[in-house]
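S.K.: take a look and give me a structure for this.
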Amino acid sequence: MNAVLAHQSLCEGIVDQSSIAIVFGDREGIVRLWNAGAETMFGWTAGEAIGKSMDMIIPEKHRARHWEGYDRVMETGVTKYGQSVLAVPASTKDGRRISIEFNVVLLKDADGRVLGIAATMQDVTARWERDKALRARMAELEAKLKQAGVVTENKS
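M.R.: Model prediction:
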């Protein structure tokens with residue numbers, strides 16, 4: 001096997017079998033790649049997802065903002081989420097809302113025109129819920145301490 005084929009096969013195997021969700025959307029936001037991690041995270045099989053709009057995983061109330069940013073990236077070829085992680089809500093096949101973190105890779109043709117976006121995503125719902133509960137508990141305890149006169153306003 002030559003080195004190019006070995007590399008291509010290796011890349012395909014990693015993408016296909018990764019537990020991290022990897023999704024590619026074309027310029028119009030149509031799913032063109034949906035790996036095993038995406039199947040597990042969102043509940044749709046690749047056969048159900050490929051060829052469909054990414055709206056299937058974007059909560060309805062967030063779609064306008066998503067598509068505004070997506071279209072801007074398609075036109076400009078610039079995104080800030082290649083290096084930094086974005087945390088957003090997402091929807092699953094069974095209607096559950098989950099919290100995900102993701103970053104993206106812009107795929108471009110030889111002329112530099114954006115072909116679409118590949119996103120690597122992880123479900124961080126459990127951590128988000130733990131953090132939310134901790135923030136609520138901290139606020140409750142701070143309020144009790146303040147009421148008892150032990151703590152004054154926190155100015156951090």
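S.K.: nearest to the spatial middle of this structure, which residue is it?
M.R.: residue 102 (3.6 Å; C-alpha atoms, centre = their mean).
S.K.: for that residue, which non-adjacent residue is closest in space?
M.R.: residue 121 (4.1 Å; C-beta to C-beta, 6 or more residues apart in numbering). Every C-beta, even on glycine, is put in place using the N, C-alpha and C of the backbone.
S.K.: helix, strand, or coil at the one you found?
M.R.: Recorded secondary structure, residue 121: strand (DSSP: H, G, I helix; E, B strand; the rest coil).
S.K.: ok, it - how many residues close by?
M.R.: 24 (other C-beta atoms under 10 Å).
S.K.: could you give the bridge partners of it?
M.R.: In this entry, residue 121 is beta-bridged to residue 21, residue 102, by DSSP bridges.
S.K.: I figured it hits residue 21, correct?
M.R.: Yes. Between residue 121 and residue 21 there is a contact under C-beta atoms under 8 Å: 4.2 Å.
S.K.: joint contacts of these two?
M.R.: 37, 38, 41, 100 (C-beta atoms under 8 Å, 6 or more residues apart in numbering).
S.K.: what about the chain, any weak spots by pLDDT?
M.R.: Along the chain, the model assigns pLDDT under 70 to residues 1, 4, 151-156.
S.K.: tell me where it has helices.
M.R.: For the chain, the helices defined by DSSP state H occupy 3-17, 36-42, 46-49, 63-76, 125-147.
S.K.: in TSV: the ones you listed, plus mean neighbour count and distance to residue 88.
M.R.: Below are these laid out as TSV (neighbours: other C-beta atoms under 10 Å; distance: least, C-beta to C-beta, whole Å):
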stretch	mean neighbour count	distance to residue 88
helix 3-17	11	22
helix 36-42	20	13
helix 46-49	15	18
helix 63-76	14	8
helix 125-147	11	11
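S.K.: pairing partners for residue 31 in the sheet, please.
M.R.: Residue 31 forms beta bridges with residue 25, as assigned by DSSP bridges.
S.K.: returning to what we had before: how close does the residue nearest to residue 102 get to residue 127?
M.R.: From residue 121 over to residue 127 the distance is 14 Å, taken as C-beta to C-beta, to the nearest Å.
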